[in-house]
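K.L.:
could you look at this predicted model? Sequence included:
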Amino acid sequence: MKNNKLILLLLILVPLAIWFLMQNDEGTLKEAESGFAISDTSAVSKIFIADMNTNSVLLERTSNGWLLNGKSKTNSKLIDMLLGTMQQIKVKSPVPIAARNNVVKRLSSIGIKVEIYQISYRINLFDKYKFFPYEKLAKVYYVGDVTPDNLGTYMLMEDATDPYVMHIPRFRGFLSPRYSPMPDDWISHQVFNQSLTDIASVSIEFLKEPEESFKVDIIDSYGNYKLLKLRDKREISRFDTLKLLNFLTSFSDLRYESRLNNIVSPVFIDSVINSSPLFVITLVDDKNDTTKVNGFVKKALSEEVKKQAYFEFVPDDSDRFHALINKGDDFVLMQYYVFDKVLYPLSYYTDSN
């Protein structure tokens, strides 16, 4: 009697087990094609993004923050947005069969390739004891354009057959701009990011007013500074300490408005940087690294146009100026509103003022 019950139980359980395994295999296959999300973005070590032309970026996590192409600081807000997108992204719907071929064809022509690398461990016990870390390629997929209703983005996992419409719940819009392959979209706009304790010296040279040029050496962290007149290297003994402190602390976060290297012509850039600068800011930090900014007048009109009588007295731009950072990697547009606080002349800090 017991044997009959056991046989009957097996006849019921074995088909159920086979059905469950078949369903699980099907679910695994779907996950392989639609699993775009990264659950643990803190393990992401590197992101490579490229379009079908020659544009590409490599974003790498380092001990000093995320770097672009191994050298440039990145915009931390945009990096956080990208990682958030990778974590929150979900399938909105499969692409309808009728539209599948057209979507795949378009992805193959305009799709943006995304490679995501993560740090993994060869031995991982209960996600607590981890040994022998290594970097692995976690996901590769292609990001396409927007759906007709502007509420989804077409994506296709590498080697998959079916594309999907992806979205972020409660976000109305499309996601492709967050996967930009253009380096200029990722570069940090921060020019100076030094706290008071990070600064060794700062000099401001005014080319048209050399008597107002000066240099500040930080002697120690107790508020002892040496103020020098650049023209003759003469030390100024009497100055407003509070004003000088405000000047030095203003270098904690100074940013430019936009990078112009790939927007204006090389001829225009050469014409500007070969002209006499308005001022030169040179900051040396405690690691002996130097940041140098040459500021130039931003012309409201070209010289050719200004030669016309009607435009002869049109003033130059009073809100913005051009600038060259360091050795010329960045030709940028800056705002006086942002930088005016560090562009006071020497007389502003002396007692005679």
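P.N.:
Thanks, I have the structure now. Treat the numbers as computed from the prediction; the structure is a model and nothing was measured.

K.L.:
from here on, contacts and neighbour counts on C-alpha atoms
P.N.:
Fine.

K.L.:
measure Ile236 to Lys229 for me?
P.N.:
Separation of Ile236 from Lys229 (CA to CA, to the nearest Å): 7 Å.

K.L.:
over to Leu156?
P.N.:
Taking CA to CA, one finds Leu156 at 63 Å from Lys229.

K.L.:
now the strand ranked longest in the chain, how far from the centre of its chain.
P.N.:
Using DSSP state E to define each element, the chain has its longest strand at strand 129-146. Its chain's C-alpha centre and that of strand 129-146 lie 20 Å apart, by CA atoms, centre = their mean, to the nearest Å.

K.L.:
okay, buried residues for that strand please.
P.N.:
139-146 (16 or more other CA atoms under 10 Å).

K.L.:
to what extent is the nearest residue to Gly70 once chain neighbours are set aside buried, counted in neighbours?
P.N.:
Once flanking residues are discounted, Gly70 sits nearest to Glu60: 7.1 Å by CA to CA, 6 or more residues apart in numbering. The local packing of Glu60 (other CA atoms under 10 Å) involves 19 other residues.

K.L.:
element containing Glu60?
P.N.:
Glu60 is part of strand 56-62, with elements assigned from DSSP states H and E.

K.L.:
tell me the strands beside that strand, with direction?
P.N.:
strand 44-50 (antiparallel), strand 65-68 (antiparallel) (DSSP bridges).

K.L.:
most neighbours per residue, which of those strands?
P.N.:
Compared across these, strand 44-50 shows the largest average neighbour count, a mean of 20 (mean count of other CA atoms under 10 Å).

K.L.:
please tell me how far the residue nearest to Gly70 sits from Val114.
P.N.:
On the measure of CA to CA, Glu60 and Val114 end up 14 Å apart.

K.L.:
and if you look at Ser108?
P.N.:
Ser108 sits at a distance of 13 Å from Val114 (criterion: CA to CA).

K.L.:
which of the two has more neighbours?
P.N.:
Per other CA under 10 Å, whichever of Ser108 and Val114 has more neighbours is Val114, with 22 against 16.

K.L.:
what residues of stretch 283-297 count as buried?
P.N.:
283-285, 291-297.

K.L.:
what pairs with the residue nearest to Gly70 across the strands?
P.N.:
Beta-bridge partners, per DSSP bridges, of Glu60: Lys46, Leu67.

K.L.:
gap between it and Val338?
P.N.:
Taken as CA to CA, the span from Glu60 to Val338 is 30 Å.

K.L.:
give me the pLDDT for Ala309.
P.N.:
Looking at Ala309, its pLDDT reads 44.

K.L.:
tell me, how many residues neighbour the closest residue to Lys130 other than its chain neighbours?
P.N.:
Once flanking residues are discounted, Lys130 sits nearest to Asn124: 4.5 Å by CA to CA, 6+ apart. By the measure other CA under 10 Å, the count of residues near Asn124 is 13.

K.L.:
residue boundaries of the strands in the stretch 201-350 of the chain?
P.N.:
For the stretch 201-350 of the chain, the strands defined by DSSP state E, counting those that start in this stretch occupy 214-218, 225-229, 234-236, 254-255, 258-259, 279-285, 290-297, 320-325, 330-335.

K.L.:
and the ones you listed: which comes nearest Thr54?
P.N.:
Between Thr54 and the strands of the stretch 201-350 of the chain, the shortest gap by CA to CA is with strand 258-259, which sits at 19.7 Å.

K.L.:
which residues touch stretch 40-50?
P.N.:
56-61, 83-84, 86-87, 112-120, 135, 179-181 (CA atoms under 8 Å, 6 or more residues apart in numbering).

K.L.:
poorly predicted segments of the stretch 251-353 of the chain, please.
P.N.:
Low-confidence segments of the stretch 251-353 of the chain, defined by pLDDT under 70: 300-315, 351-353.

K.L.:
now do Lys92 against Tyr134, distance only.
P.N.:
Taking CA to CA, one finds Lys92 at 33 Å from Tyr134.

K.L.:
next one: Arg172
P.N.:
Arg172 is 37 Å from Tyr134, by CA to CA.
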